[in-house]
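Asker: Quick one, structure for this:
(3 chains)
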Amino acid sequence: MVIQDARVLRDEFIPKEVVHRDAEVQRLAETLEPITQGDKADNSLLFGPPGTGKTCIAQHTLEKLEKEQLDVKYHYINCWENYNRFKVLYKALEGIGKTLNVHRQSTPTDELLKRLRDYDQLPYVLILDEVDQLEDEKVLYDLYSAPNITMIMITNSESEFFNMDQRVRSRLMDSERIEFSKYSADELTDILSDRVEWGLYRDAIDRSRLRKVALSADGDARIAIGILRSAARKAEKESKEEITREMIQESVPDAKENQKQKNVEKLNKHQKALYDIVNEEGKIKPGELYEKYGKKVDEPRTKRMLRKYLNKMEHYRLIDSEGEGRWRVYKSKG
DNA sequence: TGTCCACTGGAAATAGAGGCCG
DNA sequence: CGGCCTCTATTTCCAGTGGACA
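Answerer: Below you'll find the predicted structure:
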């Protein structure tokens, strides 16, 4: 037996103590300080590469705040999954239990917003993860103008995020910005050993092997934990008592592919067809791509729609493109 | 210099789904 | 049930872009 508590190895797990992010935790806590007086705090923007602890710290800080201070509410919203105005507002209302008798289709979005604005019980903090994935950032403006709501926005790229509607941007400019950088191999090793302590049996893995995992993850904690999880499962499957270096080695590609795979699964058949063609060709001009696509599926969508799909896939980092206008070329990743 | 070409992406129009209400 | 809403997905229409070519 290797795994003691599988929950600890999941992506969503939030540790009780966060290691190697003291400065960031401190800054976030200071920014949120007014909330302890029952006021609205400044919004914050956490940015940095994937797997650097942004989401984890936001949730951890709020969880702690809620525990110490009963009169705060917070809610986590993933903007990848809730990418439009209605969905975000609906989720936000869910967090304060005001969705009663809001019935999905028949209530206008403005009504949702009105309810949020009218809410004045307790300070309400919204964690908006992957906020750059929103189809239309105007919803941020809506939330900005709600008197009691404080936002914690999370994004990979600060510059991409601010590449938005002028009016929304000018409001969000004064958010507290907190930058996260990649973890070093030593830091990652510490994070892993923290997880191991709660999640695995003591002798399953030692520090030098954890360091091997850390080195393969290139500063990304999510990948590091993914490698560990996958290696632990292998050990479990083979009924071994410990995780070997070979198991770790084999798990590296699994873990790295994993994230991308998740996104590919969300594509519909038209998007998948485009994705496959781009990958087969490696590099392809739009006209040719549309033509191949047309032969490949029944009931093809119009070119305009395909352009929308391609944009989306590029945004999700499933494909690449280069060149503007007439010189555009779509490319497979990597 | 003017016209054509191959492509992009915004905006408006349309279709269809699901819920509300009399 | 039928009329009325709103939402999302999709189509239709089109102005804009900048190199090629006569």
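
Asker: A:L192 touches A:I227, doesn't it?
Answerer: No. With contact defined as Cβ atoms under 8 Å, A:L192 does not count as touching A:I227 (9.1 Å). Bear in mind the C-beta positions are built from the backbone N, C-alpha and C, glycine included.

Asker: Need the overlap of contacts for these two.
Answerer: Residues touching both A:L192 and A:I227 (Cβ atoms under 8 Å, 6 or more residues apart in numbering) are A:V213.

Asker: State the distance from A:L267 to A:D276.
Answerer: 10 Å (Cβ to Cβ, to the nearest Å).

Asker: which residues does A:K40 contact?
Answerer: A:34, A:123, A:147-150.

Asker: buried subset of those residues?
Answerer: A:123, A:148-150 (16 or more other Cβ atoms under 10 Å).

Asker: Next up, the contacts around A:M305.
Answerer: Taking Cβ under 8 Å, 6+ apart, we find A:M305 in contact with A:H270.

Asker: Buried ones in the helix or strand encompassing it, by neighbour count?
Answerer: Taking DSSP states H and E as the definition, A:M305 sits inside helix A:303-315. By 16+ other Cβ under 10 Å, the buried positions in helix A:303-315 come out as A:306, A:309-310, A:312-313.

Asker: what do you get for stretch A:87-99?
Answerer: A:87-93, A:95-96, A:99.

Asker: and if you look at stretch A:171-189?
Answerer: Buried residues in stretch A:171-189 (16+ other Cβ under 10 Å): A:172, A:175-176, A:178, A:180, A:182-183, A:185, A:187-189.

Asker: could you dump that stretch to CSV, C-alpha only?
Answerer: Extracted C-alpha coordinates of stretch A:171-189, given in CSV (Å, rounded to 0.1, in the frame of the first residue of the first chain):
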residue,chain,number,x,y,z
ARG,A,171,-11.8,50.5,-13.2
LEU,A,172,-9.7,47.4,-12.7
MET,A,173,-6.4,49.3,-13.0
ASP,A,174,-6.3,50.1,-9.3
SER,A,175,-6.5,46.5,-8.3
GLU,A,176,-3.8,45.2,-6.0
ARG,A,177,-1.5,43.2,-8.2
ILE,A,178,0.3,40.2,-6.8
GLU,A,179,2.8,38.4,-9.0
PHE,A,180,3.6,34.7,-8.6
SER,A,181,6.7,33.2,-10.1
LYS,A,182,7.7,29.6,-10.7
TYR,A,183,8.7,27.5,-7.8
SER,A,184,12.3,26.4,-7.5
ALA,A,185,13.0,22.6,-7.4
ASP,A,186,13.7,22.9,-3.6
GLU,A,187,10.5,24.7,-2.9
LEU,A,188,8.6,22.1,-5.0
THR,A,189,10.2,19.3,-3.1
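
Asker: neighbours around the residue of chain A found nearest DNA strand B, how many?
Answerer: Nearest residue of chain A to DNA strand B, counting by Cβ to the nearest atom of the strand: A:G287, 2.7 Å away. Neighbourhood size, A:G287 [other Cβ atoms under 10 Å]: 11.

Asker: Need phi/psi at the most far-flung residue of chain A relative to its centre.
Answerer: Taking Cα atoms, centre = their mean as the measure, the residue most remote from the mean C-alpha position of chain A is A:K295, 35.4 Å away. Main-chain dihedrals, A:K295, degrees, to the nearest 10: phi -80, psi -20.

Asker: Mind listing the residues bridging to the residue lying closest to A:T55 once chain neighbours are set aside?
Answerer: The shortest distance from A:T55 to any non-neighbouring residue, by Cβ to Cβ, 6 or more residues apart in numbering, is to A:D129 (5.5 Å). Using DSSP bridges, the bridge partners assigned to A:D129 are A:N78.
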